[in-house]
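**Student:** Sequence and predicted model, in that order:
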Amino acid sequence: MTPEQYNRLKNNLMTELPPYVRNFVYTSQKSNSTIYQYLSEIKRFFQWLISAGISDETDVKDITIPTLAKIRKSDILAFIDELASKPNRQGRTNSPVSINRSLNCLRTFFNYLAIDSASDTDNGQPLLLRSPMLGVASMNSHQTLSYRAKNLEDKMYLGNLKFEFLDFINKDYENTIADNKHKLTRFKQNKVRDLALIALMAGTGVRVSEAANANVQDLSITKASLTVVRKGGERDAVPIAPWTLPYLNDYVQNRETLYPNVDKEQALFVAGKSKVNRISTAAIENLVAKYSQAFGRPITPHKLRHTIASELYQISKDQVAVAQQLGQKGTSATALYTHVQDEVRRDMLQQISQSTPNKTQ
């Protein structure tokens, strides 16, 4: 989604929540997408307070500060148990990563109420005397980095696999839909765009939202660079892998031919025929899923991001460089990539065993 779309969603959610939540938003200084995620989590938590009988109100908009003041650590733990045991909208149980994201949001929110809200009150006192999040630990995934990395490695397109995937889309995918005239027509119109999109994500590590929100003027083929707006709202010039450029150049050269009336649309990647609009993040996720399932190796855009991060680390051994390429502010999220290529470690162990003196000699 675009920042404007997130802004509309954010404003709509703010009308559904109490005034003190709006004050929290005004002081948070986060991007519209982050604020929207915060508000969604707060609304979910408030809905749970009502369903669990902790709040006597029937509408989340009416939940008061005295109600929040009654919340104890045990209530938060019960909420965690609810998140961990009940299926989400996709019919799956929430992962520890997903639950921790919810907890981090609530920590930020209650930290505002217990500390930072003092600057918004007439008496200079915070709205809450304490945060119920104190002492609430994040969930442990019970997996070592190496174990998580092994699972991740099996879901990435390392080495030549990404090139084989693109080659499959370019040459073989249409054979899988040859009997469906409508699908074949749409594929032929969008093939050049789809190849460019997938190559861009695999060759830069940009997020789906960053690719969707990129404009024509943000791409420089000559400088091999794409300017994107990162999660925190900062603009960043992202280097593009050289192998990606032919796909991008092919798309840019044919964009106006493939999509009539596109000359007034500033979005780099577009969708539609009679009416052209910016492609959505959901459409990008769907096309990656469609092609990768047909390829026989399902993948997500986020796993393409993992792929380039892994390969960059294997070449550079520089977590800072990987974090910068991905637009991450720290290196903690990139620690996983120091473990991802099991084959590399096995080769190293083999070399050690070959160089170790034989004790029987």
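**Tutor:** Thanks, I have it.
**Student:** can we go C-alpha only for contacts and neighbour counts from here?
**Tutor:** Noted.
**Student:** which outside residues touch the host helix or strand of residue 47?
**Tutor:** Here residue 47 sits within helix 32-51, counting by DSSP states H and E. Identification of contacts with helix 32-51 by C-alpha atoms under 8 Å, 6 or more residues apart in numbering yields 3, 6-7, 9-10, 13-14, 17, 25, 28, 55-60, 63, 79, 102, 105-106, 231-232.
**Student:** Tell me which of these fall in strands.
**Tutor:** If you go by DSSP state E, the contacts of helix 32-51 have nothing in strands.
**Student:** Just the buried ones from the residues you listed?
**Tutor:** Taking 16 or more other C-alpha atoms under 10 Å as the criterion, what is buried in the contacts of helix 32-51 is 6-7, 9-10, 14, 17, 25, 55, 57, 60, 63, 79, 102, 105-106, 231.
**Student:** For the stretch 201-350 of the chain, give me the ranges with low pLDDT.
**Tutor:** 330-350 (pLDDT under 70).
**Student:** Now do the strands in it.
**Tutor:** 219-220, 225-229, 235-239, 270-271, 277-278 (DSSP state E, counting those that start in this stretch).
**Student:** Output those as JSON lines; include the columns distance to residue 36 and mean neighbour count.
**Tutor:** Listed next are the strands of the stretch 201-350 of the chain as JSON lines, based on distance: least, C-alpha to C-alpha, whole Å; neighbours: other C-alpha atoms under 10 Å:
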{"stretch": "strand 219-220", "distance to residue 36": "28", "mean neighbour count": "18"}
{"stretch": "strand 225-229", "distance to residue 36": "16", "mean neighbour count": "20"}
{"stretch": "strand 235-239", "distance to residue 36": "20", "mean neighbour count": "16"}
{"stretch": "strand 270-271", "distance to residue 36": "24", "mean neighbour count": "20"}
{"stretch": "strand 277-278", "distance to residue 36": "20", "mean neighbour count": "18"}
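**Student:** mean confidence for stretch 10-26?
**Tutor:** Computed over stretch 10-26, the mean pLDDT rounds to 91.
**Student:** same check, this time on stretch 62-81
**Tutor:** Rounded mean pLDDT across stretch 62-81 is 91.
**Student:** and residue 172, which of the strands of the stretch 201-350 of the chain is closest to it?
**Tutor:** Across the strands of the stretch 201-350 of the chain, residue 172 has its closest neighbour in strand 270-271 (22.5 Å, C-alpha to C-alpha).
**Student:** Give the pairing partners of the closest one; include direction for each.
**Tutor:** strand 277-278 (antiparallel) (DSSP bridges).
**Student:** between the strands of the stretch 201-350 of the chain, which gets nearest to residue 310?
**Tutor:** The minimum distance between residue 310 and the strands of the stretch 201-350 of the chain falls on strand 235-239, with 16.2 Å, by C-alpha to C-alpha.
**Student:** Give me the packing partners of that closest one, helices and strands only.
**Tutor:** strand 225-229 (3 or more C-alpha pairs under 8 Å, 6 or more residues apart in numbering; DSSP states H and E).
**Student:** elements contacting the strand it packs on?
**Tutor:** Using 3+ C-alpha pairs under 8 Å, 6+ apart: strand 225-229 touches helix 208-213, strand 219-220, strand 235-239.
**Student:** would you list these in JSON lines and tack on distance to residue 307?
**Tutor:** As requested, the helices and strands packed on strand 225-229 are exported to JSON lines (distance: least, C-alpha to C-alpha, whole Å):
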{"stretch": "helix 208-213", "distance to residue 307": "14"}
{"stretch": "strand 219-220", "distance to residue 307": "22"}
{"stretch": "strand 235-239", "distance to residue 307": "16"}
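**Student:** Please name whichever of those is nearest to residue 264.
**Tutor:** helix 208-213 (15.7 Å).
**Student:** Pull up the distance across stretch 58-67, start to finish.
**Tutor:** Using C-alpha to C-alpha, to the nearest Å, the end-to-end distance of stretch 58-67 comes to 12 Å.
**Student:** follow-up on the earlier one: tell me which residues in the helix holding residue 47 are buried?
**Tutor:** Under the neighbour-count criterion of 16+ other C-alpha under 10 Å, helix 32-51 has 32-43, 45-50 buried.
**Student:** Next secondary structure after it?
**Tutor:** helix 65-69.
**Student:** Tell me how far that following helix lies from the chain's centre.
**Tutor:** 33 Å (C-alpha atoms, centre = their mean, to the nearest Å).
**Student:** which residues are contacting that helix?
**Tutor:** Here helix 65-69 has contacts from 54, 55, 127, 128, 129, 130, using C-alpha under 8 Å, 6+ apart.
**Student:** Stretch 244-254 too?
**Tutor:** With contact meaning C-alpha under 8 Å, 6+ apart, stretch 244-254 is reached by 192, 193, 195, 196, 197, 199, 200, 203, 221, 224.
**Student:** So which bits of that stretch are buried?
**Tutor:** Buried residues in stretch 244-254, counted by 16+ other C-alpha under 10 Å: 244, 245, 247, 248, 249, 251, 252.
**Student:** Please identify which pair of those lies farthest apart.
**Tutor:** Across those (C-alpha to C-alpha), the longest gap, 12.7 Å, separates 244 and 252.
**Student:** How about the contacts made by residue 207?
**Tutor:** 201, 301, 302, 305.
**Student:** change it to 10 Å
**Tutor:** By C-alpha atoms under 10 Å, 6 or more residues apart in numbering, the residues touching residue 207 are 201, 213, 228, 230, 231, 281, 301, 302, 304, 305, 326, 327.
**Student:** Quick check, the first one in contact with residue 304.
**Tutor:** Looking back up the chat, that one is residue 201. Yes: look at residue 201 against residue 304 with C-alpha atoms under 10 Å: they come within range, at 6.5 Å.
**Student:** And those two? Which one has more around it.
**Tutor:** Taking neighbours as other C-alpha atoms under 10 Å, residue 201 and residue 304 compare with residue 304 leading, 27 against 23.
**Student:** That's all I had, so thanks and see you.
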